[in-house]
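Asks: Have a look at this prediction, sequence included:
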Protein chains: 2
Amino acid sequence: MKYYLGLDVGGTNFAAGIIDENYRVIEKISVPAGAGRSIEEITEDMANVSLEVVKKAGVDISDFTSWGIGMPSFVNPRTNLLVHANCFGWKNVPIYSYLERHIPLPIYIENDANCAALGETLAGGAKGYENVLMLTLGTGLGGGIILNKKIYAGADMMGAELGHTKLVYNGAACTCGQYGCAEAYCSATALIRQAKEALERDPESLMVRLCDGDISKLEAKTVFDAMKQGDDTARQVIEQYIDYLSCAISSFVVIFRPEIIILGGGVANAGEILRRPLQERLLVNTYAGSEIGVPDIKIAECGNDAGLIGAAMLEKYGMNRNQK
Amino acid sequence: MKYYLGLDVGGTNFAAGIIDENYRVIEKISVPAGAGRSIEEITEDMANVSLEVVKKAGVDISDFTSWGIGMPSFVNPRTNLLVHANCFGWKNVPIYSYLERHIPLPIYIENDANCAALGETLAGGAKGYENVLMLTLGTGLGGGIILNKKIYAGADMMGAELGHTKLVYNGAACTCGQYGCAEAYCSATALIRQAKEALERDPESLMVRLCDGDISKLEAKTVFDAMKQGDDTARQVIEQYIDYLSCAISSFVVIFRPEIIILGGGVANAGEILRRPLQERLLVNTYAGSEIGVPDIKIAECGNDAGLIGAAMLEKYGMNRNQK
């Protein structure tokens, strides 16, 4: 049995894991990310948690042929610099030189949303498919594209940033500095903002009660819960959100015509109450939808492990290029 | 020397041509499309003009290994039907069965914008590049994507319909029945509409005089000509158009990060007066543009032959799939 070593880096936690040939997580350790410290300390932690999980699994680091890492960023292959990782305040960091001090393996780094798409394709909701679109509806809007069972990250491995395509020309400010990005309308953060705006018009909404009168505690789940209990304002917010999301997805559909669409991230936990109307709106809002149909939308199945599984399998299913 | 047979089908003309191994057009015949007639008649014409150019070149139809056709449509590979060709009023037409009666060769059919992108990559402005985005700014907004020197047309060969991605959520009606498509803001037709709207606010604009007071004659060129002569309304229309176009392109850049962007079609004839400010706006309007830059924009070089060259080379550089 061959094993694969993966690390899923987020702003809150690092999860290191060992994956077997059947894409099962056989060992996993999660530690706090400890953002705010130096690059030296954070990258040393990334290595330590990875070495620790290897030890825990009772294998040796020399049994692995690579170390795969998913991060909320991407590496510029011309400079080998990690372009930016907002959660750590990093910009143009020579990440390989920090990491290779600790683990003597070929290192593959890929955007975390791309890793999640790969994980779901190998082990989750898109198992058996070769052309997959995955969207992660979380703090941001992560997008991953699998073409012919491999991650597609653009001609230069810095692409497929689906969350930063334009959805609303001259629209709302996005965290990236641009305006009207799909992320600014379709992330969990955007849904919460849209709900708060609706509460200004309807301060009596059930949403307020569901977060004990403290709307700073309002989450995506609050909006869905209020809708389920018949709150009309919450229903309007969700309907508008689903229309935005269906239009964003429609653009990816007319470009890629994937076989299946997977939704992950916190908002996707809403399940059928999100998925079914989204599927209907996607058909209506997609070019030639009535003639050739649209792909099925499914909720992700690997949960938090999708990114870890994908990261571990980068050597085999990442972009078909040499990485450091 | 091996030769390739191509046919470029448009709503106005059919151009059949013989291409040599160096992607040069060695013989070409153009005939009126004769839209409005029956499918039998039009497909027979498509075959006849192709057989005629073979004869004119002094070669034999058996010297060819395929017949490549570019059309403003696409074939559904599940049904083998041409999904729609608005210029002929066709919908779900069994095009292969009509064509194969006349020419006993394997037939490759591909969207004309994809063929143009391939032609420019093999013989034009994108020669030497392997990852290319081409936009045709004509009656519609055609988009073609070349990945690793091959046409990318989506997982099912019905994709890369870049003109029908959403640019302006809930925006202007598009010819396709959707709203806010990039085509509805970035085609030549859209530019003319935008100019006419501006003339309602400024009926004294030089644009009116340049089309002899008959604004039904207003063309994309009229707007650029008026701007060159100092007309402020024309300048505003062009600046707005360039901002729309740069935002549409920015979405394709963050997805594909192509090596180069080629502009074809009537609007691209404006040349540097379009290209230079568009390049500047693209940098400003693209996610992470200031950190990793944006691809160079170039004006197409093959003119009307791009689609013909690409069509002829479909056997070699089309989607890597069996076609009928």
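Replies: Perfect, I can see it now.
Asks: so who does the residue nearest to A:G230 when sequence neighbours are not counted touch?
Replies: Leaving aside its chain neighbours, A:G230 sits nearest to A:L206 (7.7 Å; criterion: C-beta to C-beta, 6 or more residues apart in numbering or on different chains). Heads up, the C-betas are built off the backbone N, CA and C, glycines and all. Taking C-beta atoms under 8 Å, 6 or more residues apart in numbering or on different chains, we find A:L206 in contact with A:A226, A:Q229, A:G230, A:D231, A:T233, A:A234.
Asks: Would you point out the most distant pair within those residues?
Replies: A:Q229 and A:T233 (11.8 Å; C-beta to C-beta).
Asks: Tell me which of these two has more neighbours.
Replies: Ranked by neighbour count (other C-beta atoms under 10 Å in any protein chain shown), A:Q229 and A:T233 place A:T233 first, with 21 against 12.
Asks: List the contacts of the more buried one.
Replies: Applying C-beta under 8 Å, 6+ apart, the residues near A:T233 are A:A198, A:L199, A:R201, A:D202, A:S205, A:L206, A:M207, A:A226.
Asks: Surely A:M46 and A:F14 touch.
Replies: Yes. Counting by C-beta atoms under 8 Å, A:M46 sits close enough to A:F14 to count as a contact (6.1 Å).
Asks: And these two? Which one has more around it.
Replies: Neighbour totals were compared for A:M46 and A:F14, and A:M46 leads with 24 against 21 (other C-beta under 10 Å).
Asks: ok, longest helix in chain A?
Replies: helix A:232-256 (DSSP state H).
Asks: That one: which residues count as buried?
Replies: A:233-234, A:236-238, A:241-256 (16 or more other C-beta atoms under 10 Å in any protein chain shown).
Asks: List the pairing partners of the helix or strand that comes right after it within its sheet, with orientation.
Replies: Going down the chain from helix A:232-256, the next helix or strand is strand A:260-264, by DSSP states H and E. Applying DSSP bridges, strand A:260-264 is found paired with strand A:132-137 (parallel), strand A:296-299 (parallel).
Asks: With adjacent residues omitted, what lies nearest to A:C176?
Replies: Excluding its sequence neighbours, the residue lying closest to A:C176 (C-beta to C-beta, 6+ apart) is B:Y287, at 5.0 Å.
Asks: Isn't A:N285 up against A:Y244?
Replies: No. Between A:N285 and A:Y244 there is no contact under C-beta under 8 Å: 10.0 Å.
Asks: The most centrally placed residue in chain A: which element?
Replies: Residue closest to the mean C-alpha point of chain A, counted by C-alpha atoms, centre = their mean, is A:A113 at 3.4 Å. In the assignment (DSSP H and E), A:A113 maps to helix A:112-123.
Asks: So for that helix, mean pLDDT?
Replies: Averaged across helix A:112-123, the pLDDT comes to 97.
Asks: quick check, it touching chain B?
Replies: No. Helix A:112-123 is not in contact with chain B by C-beta under 8 Å from any C-beta of the partner chain; minimum separation 12.3 Å.
Asks: For that helix, list the C-alpha coordinates in CSV.
Replies: Output of helix A:112-123 as CSV, limited to C-alpha atoms (Å, rounded to 0.1, in the frame of the first residue of the first chain):
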residue,chain,number,x,y,z
ASP,A,112,-7.0,25.1,-1.3
ALA,A,113,-10.2,25.4,-3.3
ASN,A,114,-8.5,23.4,-6.1
CYS,A,115,-7.4,20.8,-3.6
ALA,A,116,-11.0,20.5,-2.3
ALA,A,117,-12.3,20.0,-5.8
LEU,A,118,-9.7,17.2,-6.4
GLY,A,119,-10.6,15.6,-3.0
GLU,A,120,-14.3,15.6,-3.9
THR,A,121,-13.5,14.1,-7.3
LEU,A,122,-11.4,11.3,-5.9
ALA,A,123,-13.3,10.5,-2.8
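Asks: Output the contacting helices and strands for it.
Replies: Secondary-structure packing of helix A:112-123 (3 or more C-beta pairs under 8 Å, 6 or more residues apart in numbering or on different chains; DSSP states H and E): strand A:4-9, strand A:67-71, strand A:132-137, strand A:141-147, strand A:150-152, strand A:260-264, helix A:305-312, helix A:314-317.
Asks: Quick check: buried residues in stretch A:90-102?
Replies: By 16+ other C-beta under 10 Å, the buried positions in stretch A:90-102 come out as A:W90, A:V93, A:I95, A:Y96, A:Y98, A:L99, A:E100, A:H102.
Asks: Need the contact partners of it.
Replies: If you take C-beta under 8 Å, 6+ apart as the criterion, stretch A:90-102 is touched by A:39-40, A:43-44, A:46-48, A:51, A:67, A:69, A:73, A:75-76, A:79-85, A:107, A:109, A:324, B:291.
Asks: tell me the contacts of the residue nearest to the centre of chain A?
Replies: Contacts for A:A113 (C-beta under 8 Å, 6+ apart) come out as A:M134, A:T136, A:G142, A:G143, A:G144, A:L162, A:G163.
Asks: Try it again at 6 Å.
Replies: For A:A113, the contact set (C-beta atoms under 6 Å, 6 or more residues apart in numbering or on different chains) comprises A:T136, A:G142, A:G143, A:G144.
Asks: What is the nearest of those to chain B?
Replies: A:G143 (8.5 Å; C-beta to the nearest C-beta).
Asks: Just give the nearest non-adjacent residue to that closest one, would you?
Replies: A:L162 (2.5 Å).
Asks: Ramachandran angles for that neighbour?
Replies: phi -60, psi -30 (degrees, to the nearest 10).
Asks: Kindly provide the distance from it to B:F224.
Replies: 34 Å (C-beta to C-beta, to the nearest Å).
Asks: ok, those two, which is more surrounded?
Replies: Neighbour count, other C-beta under 10 Å: between A:L162 and B:F224, A:L162 has more, with 29 against 21.
Asks: Hmm, that one is touching A:I145, no?
Replies: No. Between A:L162 and A:I145 there is no contact under C-beta atoms under 6 Å: 7.4 Å.
Asks: hang on, A:G144 packs against A:C115?
Replies: No. Using C-beta under 6 Å as the test, A:G144 is too far from A:C115 to be in contact (7.5 Å).
Asks: Settle it for me: which of those two has more neighbours?
Replies: The neighbour comparison of A:G144 against A:C115 (other C-beta under 10 Å) goes to A:C115, with 34 against 31.
Asks: Chain B versus the more buried one, what's the distance?
Replies: Taking C-beta to the nearest C-beta, to the nearest Å as the measure, A:C115 falls 18 Å from chain B.
Asks: contacting residues around that residue?
Replies: Contact analysis of A:C115 by C-beta under 6 Å, 6+ apart lists A:G70, A:G307, A:G310, A:A311.
Asks: Check the burial of the last one by counting its neighbours.
Replies: Burial of A:A311, expressed as a neighbour count using other C-beta under 10 Å, amounts to 33.
Asks: Which per-residue confidence value corresponds to it?
Replies: A:A311 carries a pLDDT score of 97 in this model.
Asks: Let me know the helix or strand that A:T175 is in.
Replies: Using DSSP H and E, A:T175 maps to neither a helix nor a strand.
Asks: so where's the stretch 201-324 of chain A shaky on pLDDT?
Replies: For the stretch 201-324 of chain A, the stretches flagged by pLDDT under 70 are A:320-324.
Asks: Which residues of it lie near chain B?
Replies: Residues of the stretch 201-324 of chain A lying near chain B by C-beta under 6 Å from any C-beta of the partner chain: A:C247, A:S251, A:V254, A:I255, A:F256, A:R257, A:P258, A:E259, A:Y287, A:E291, A:I292.
Asks: surely A:L167 meets A:S250?
Replies: No. Using C-beta under 6 Å, A:L167 is not in contact with A:S250, being 9.9 Å away.
Asks: returning to what we had before: any idea which of the contacts of A:A113 has the most stuff around it?
Replies: Within the contacts of A:A113, most neighbours by other C-beta under 10 Å means A:G144, with 31 neighbours.
Asks: my guess is A:D8 meets A:A15, correct?
Replies: Yes. A:D8 lies in contact with A:A15 (C-beta under 6 Å); the separation is 4.5 Å.
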